[in-house]
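**Student:** here is the input, now give the coordinates:
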Amino acid sequence: MNRKNDSVICLSAIALIGIAATAILTVENRRLASLLEEAATDHLTGIPTRRHLMRSLKRLEMGGVRSLPLAVLVIDANGLKETNDLHGHKAGDRLLQVIAEIIIENVRPNDIFGRLGGDEFIIVLPNTDLDGAELVAKRLQTACASSYFKYPVSVSIGIAVREDLSKPIDKIIHEADQEMYKAKAAYKKAHV
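**Tutor:** This is a model prediction of the structure:
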């Protein structure tokens, strides 16, 4: 009888250890998932980070021709420094949040977007040609101009389009970035 009781106790202990280990792993998996989500999301704007964005772009690039043409919009918040200097960093943070909200409201489910850093954002539009990208850019600029915020909201947007697989995606992003700098210079010249 003692041996039978010892076996039952041993099996019960093993079962309890298994249950405890499962509970611990579940808690750790949730914690890890939370950390991964936190690392993938910009803490200020709530949109994907540059790191997460680049991973998404790698997956998209692996899809190849299915996403062509592929338009890239690089977006820069006009006047962030002035907003910070004149109204404080909370106002500048809110400006970035407003722009992020406008981006979220104007992208399709299969578009990839995120905050590159500072006052720059990016939207990647699969299956979108230059005309389609220009429509999105105009819609974003109109939404920014008419947004409800204490201070003016405007953005400079550069566009580049990948028509075939001969150019890597980072080259297209660079081209859109250069176009954004041209748009930013034109904005500054017009608002001096």
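
**Student:** now the residue lying closest to Ile47 once chain neighbours are set aside: which helix or strand?
**Tutor:** Excluding its sequence neighbours, the residue lying closest to Ile47 (C-beta to C-beta, 6 or more residues apart in numbering) is Ala100, at 4.9 Å. Placement of C-beta: from N, CA and C, glycine included. When secondary structure is defined using DSSP states H and E, the element that contains Ala100 is helix 89-105.

**Student:** tell me the SS of Gln156?
**Tutor:** For residue 156 the amino acid is Ser, not Gln. Classification of Ser156 into helix, strand or coil gives strand, according to DSSP: H, G, I helix; E, B strand; the rest coil.

**Student:** 540 is where my numbering starts, stick with that
**Tutor:** Let's use 540 as the start, then, which means that last one is Ser695.

**Student:** what is the burial count for it?
**Tutor:** 23 (other C-beta atoms under 10 Å).

**Student:** tell me the contacts of the residue nearest in space to the middle of the chain?
**Tutor:** The centre of the chain sits closest to Gly653, judged by C-alpha atoms, centre = their mean, with a distance of 2.0 Å. For Gly653, the contacting residues are 581, 586-589, 591-592, 595, 660-661, by C-beta atoms under 8 Å, 6 or more residues apart in numbering.

**Student:** tell me the most packed of these, by neighbour count.
**Tutor:** Neighbour counts for the contacts of Gly653 were taken using other C-beta under 10 Å; the highest belongs to Phe660, which has 27 neighbours.

**Student:** so what's that residue bridging to?
**Tutor:** On the basis of DSSP bridges, Phe660 is bridged to Ile614, Arg654.

**Student:** what's the pLDDT at it?
**Tutor:** According to the predicted model, the pLDDT of Phe660 comes to 97.

**Student:** can I assume it is in contact with Ile641?
**Tutor:** No - in terms of C-beta atoms under 8 Å, Phe660 does not count as a neighbour of Ile641; the distance is 9.7 Å.

**Student:** next one: the closest residue to Glu659 other than its chain neighbours from Ala715, what distance?
**Tutor:** Computed as C-beta to C-beta, 6+ apart, the closest residue to Glu659 that is not its neighbour in sequence is Asp615, at 5.3 Å. Computed as C-beta to C-beta, to the nearest Å, the Asp615 to Ala715 distance reads 11 Å.

**Student:** may I have stretch 588-597 as CSV, with CA atoms only?
**Tutor:** Extracted in CSV, the C-alpha atoms of stretch 588-597 (Å, rounded to 0.1, in the frame of the first residue of the first chain):
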residue,chain,number,x,y,z
THR,A,588,8.8,51.6,-35.6
ARG,A,589,11.5,51.7,-38.2
ARG,A,590,12.8,48.3,-37.2
HIS,A,591,9.3,46.7,-37.5
LEU,A,592,8.8,48.6,-40.8
MET,A,593,12.0,47.2,-42.3
ARG,A,594,11.0,43.7,-41.4
SER,A,595,7.7,44.1,-43.1
LEU,A,596,9.5,45.5,-46.2
LYS,A,597,11.7,42.5,-46.3
